[in-house]
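# Compute the structure for the input listed below.
(chains A and B)
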Amino acid sequence: MPDQLPPSPLDGNKVMISLQHLTKVFPGQREPAVNDLSMDIPEGEIVILVGPSGCGKSTTLRLINRLIEPTDGKIVLEGEDVTRVNSDELRRRMGYVIQQIGLFPHMTIEQNIATVPRMLGWDRKRVASRVGELLETVGMDPEQYRRRYPKELSGGQSQRVGVARAMAADPPILLMDEPFGAIDPITRDRLQNEFLRLQSDIKKTIVFVTHDIDEAVKMGDRIAVLREGSVIAQYDTPERILTNPADAYVETFIGSGASLKGLTLAYVRDIELADWPIAQKGTGRQAMREALLGSDRTAILTLDEQRRPVRWYTARDLDRSESLDEVGLPATALVESNATLHDALDQMLTSYTGSVIVVDRDGSYRGTVELDAIKHRVDEIRAAARERARQMSVPDHEPMTQAPSR
Amino acid sequence: MSKFLDYLEFRQDHLLELGFEHAQVVTIALVIASVIGVGTGIAVYRRERAATVAIAIVGTFLTIPSFALLAMFIPIFGLGYEPTVVALVMYALLPIVRNTVTGLRQVDPAVIESAQGMGMGRVRRLLRIELPLAWPIILTGIRVSALLLIGIAAIAAAVNGPGLGEDIFAGLARIGSASATNLVLGGVLGVIVLALLFDLFFLLFGRLTTSRGIRA
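Model (predicted):
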């Protein structure tokens, strides 16, 4: 393979689902709901279908498990054409989670989760242990919840059970239609984080529909921005969509604040940390004063025996007569190095000094992040994205819809 | 009043026997009607036109006066058990068909979609999801039919049918005589007691056969 070949948008991952010229025209309608859609979905990634309501994204998802039969085109699963196979058997190979969840109200949580394994003929013991395992995976105590009924669960718990049920027979693919759409923002955020953590273990191929670009950026390894008729406006990584929207439509859909959204994709660990003068707690005032004067900073940070940040002192604080425990300001605004720049910026707005202290997992001091560093990193990300786009010799404003054939 | 109590004591065995016959014919008709009615409901609930037609047909059955219907059956089925059961089945259909259709239609579409999305086929979905969820409503229909049949079955004595109607008709035939009132009252009382017993049965049966997850 020649070196110059542009990296495939799928980064060489194996294609799990391939949609080929998929079209759906509903009876009595002239415009197709899905119009000649072709896309490859790589194994082990979360691919987000995002677009305004009515753009055909949910229809597209239902075409994949053939809850809606395509008018034309092919669905290829791991190389196998499944457009004509028995649709019930096809669906047992894919988990399906919808916004309304649709737990079976007359069945216990255990029976709900056991639905597909029982259809597949698993024996009782294997089903029971799988249910226990899944409930633990989604953070619910099996003994407490097994025998409960859906009406006894909160919205967030129902959603967890819905995900557990979809994963019950360990299908390689999960289809999720606005799975967190009907949940309050705080719970949603928690469920999203839990789900991402789960996904990093299970590595399923996930097709995820949402109308919320923020959710798309947060959850997606890859995002397909769709316009009416489920036509792909851009299919790319979140970074590239934010920094390099294919056209005015994508730009409008991302909305303002694309740079701010991009901050959720960059991490504190990737930027160079700044340094402030530091002193062990209990160091004499004179020594601290000298350390402070020797730097170009306006404050000095004290650390305790475990190197955990304690207080900030300015030169004036050190001149005051009160005890050192009473003057200065407590060292707040701490982040760990796996925090996103978005988190760091958020902390920065609350900090006294305008910098955020970065600590290790055990709380020990590593350095600080300043506004300039964040700005610098954003510029870098943008420049890199432009450079990559240029190297791929794809014009900036041409929608990229498909992996080059390999 | 005390005379009536004496009468009841005297006729105890006879009334019990009639009551038993009454309950039996109602139960037989109800079982047949449930099978036909729920089956019809399942066959039509997805199709608007078919459902409307089916409900209209079984609805007209209910508008035929019971006397007339039973009389019409004499040339076909003769006297006794058969015309009674056929007529009762016809009267029982409307509540059962209608409630089956209503019950199956009110199942949350999200529940059906998720069942479908998990690869549950048509039959399995009906048996495991839709019917259990529609069951309380279907059972209510059967219960309404049961009460209806207990009343109508009394008329069946007109075609020599079994049950408490025998005493009621016997009493009505000799109105004015000393025993007439007692005969009628005894039969009516039997019908009421039977209705209460059936209702109690359905209450318990409903609790036993409805999942705890959907009980109110």
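
# Any buried residues in stretch A:25-40, and which?
A:32-35, A:37, A:39-40 (16 or more other C-beta atoms under 10 Å in any protein chain shown). C-beta coordinates here come from the backbone N, C-alpha and C atoms, glycine included.

# between those, which is closest to B:T52?
A:A33 (29.7 Å; C-beta to C-beta).

# which ones are touching the closest one?
Residues near A:A33 by C-beta atoms under 8 Å, 6 or more residues apart in numbering or on different chains: A:24-26, A:56, A:59, A:229-230.

# ok so, going back, kindly present the buried residues of stretch A:25-40 as TSV, with separate columns for pLDDT and secondary structure.
Below are those laid out as TSV (pLDDT from 0 to 100; DSSP: H, G, I helix; E, B strand; the rest coil):
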residue	pLDDT	secondary structure
A:P32	93	coil
A:A33	93	coil
A:V34	94	strand
A:N35	93	strand
A:L37	94	strand
A:M39	94	strand
A:D40	94	strand
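
# quick one: which of those residues is nearest B:I138?
Nearest to B:I138 among these, counting by C-beta to C-beta, is A:A33 at 35.9 Å.

# In helices only, show me the contacts of A:A33.
The members of the contacts of A:A33 that map onto helices under DSSP state H are A:T59.

# which among the contacts of A:A33 end up buried?
A:24, A:56, A:59, A:229-230.

# which of those residues are close to chain B?
By C-beta under 8 Å from any C-beta of the partner chain, no member of the buried ones among the contacts of A:A33 lies near chain B.

# Could you provide those residues in TSV, with additional columns for distance to B:P109?
Converted to TSV, the buried ones among the contacts of A:A33 look like this (distance: C-beta to C-beta, whole Å):
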residue	distance to B:P109
A:K24	19
A:G56	20
A:T59	16
A:G229	25
A:S230	22
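
# Which of those residues fall in strands?
A:K24 (DSSP state E).

# Please identify which of the buried ones among the contacts of A:A33 is nearest to A:S158.
Nearest to A:S158 among the buried ones among the contacts of A:A33 is A:T59, at 24.8 Å by C-beta to C-beta.

# For chain B, see how far away the closest one is.
13 Å (C-beta to the nearest C-beta, to the nearest Å).

# next one: A:L37
On the measure of C-beta to the nearest C-beta, A:L37 and chain B end up 20 Å apart.

# Kindly report the same for A:A344.
40 Å.

# In which helix or strand does that residue reside?
Assessed by DSSP states H and E, A:A344 sits inside helix A:341-348.

# Show me what that helix is in contact with.
The contact list for helix A:341-348 (C-beta under 8 Å, 6+ apart) reads A:260, A:263-264, A:266-268, A:271, A:333-335, A:354-356, A:369, A:371, A:374, A:377-378.

# How about the contacts made by the residue nearest to B:V159 when sequence neighbours are not counted?
Excluding its sequence neighbours, the residue lying closest to B:V159 (C-beta to C-beta, 6 or more residues apart in numbering or on different chains) is B:L70, at 4.6 Å. Residues near B:L70 by C-beta under 8 Å, 6+ apart: B:83-84, B:87, B:155-156, B:158-159, B:161.

# quick one: which of those sit in strands?
Going by DSSP E, the strands hold none of those.

# and which of the residues you listed is nearest to A:R311?
When the contacts of B:L70 are compared against A:R311 (criterion: C-beta to C-beta), the nearest one is B:A87, at 94.2 Å.

# Return the residues of chain B in contact with chain A.
For chain B, the residues in contact with chain A (C-beta under 8 Å from any C-beta) are B:108, B:110-121, B:124, B:129, B:132-133, B:211-214.

# and if we set it to 10 Å?
The interface of chain B toward chain A, taken as C-beta under 10 Å from any C-beta of the partner chain, is made up of B:107-122, B:124-125, B:128-129, B:132-133, B:135-136, B:210-215.

# now the contacts of B:L70 in CSV, with neighbour count and pLDDT?
Shown next, in CSV, are the contacts of B:L70 (neighbours: other C-beta atoms under 10 Å in any protein chain shown; pLDDT from 0 to 100):
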residue, neighbour count, pLDDT
B:P83, 24, 89
B:T84, 29, 91
B:A87, 26, 93
B:I155, 21, 88
B:A156, 29, 86
B:A158, 17, 79
B:V159, 23, 81
B:G161, 25, 80
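
# Out of these, which sit inside helices?
B:83-84, B:87.

# Name the nearest of those relative to chain A.
Of all those, chain A sits closest to B:A87, with 35.6 Å by C-beta to the nearest C-beta.

# Pretty sure that closest one sits against B:A156.
Yes: look at B:A87 against B:A156 with C-beta atoms under 10 Å: they come within range, at 7.1 Å.

# joint contacts of those two?
Residues touching both B:A87 and B:A156 by C-beta atoms under 10 Å, 6 or more residues apart in numbering or on different chains: B:29, B:66, B:70, B:149.

# ok, the last one - contacts?
When you say that, I think you mean B:L149. B:22, B:25-27, B:29-30, B:33, B:87-89, B:91-92, B:156, B:195, B:198.

# Could you identify the buried members of those?
Of the contacts of B:L149, these count as buried by 16+ other C-beta under 10 Å: B:22, B:25-26, B:29-30, B:33, B:87-89, B:91-92, B:156, B:195, B:198.
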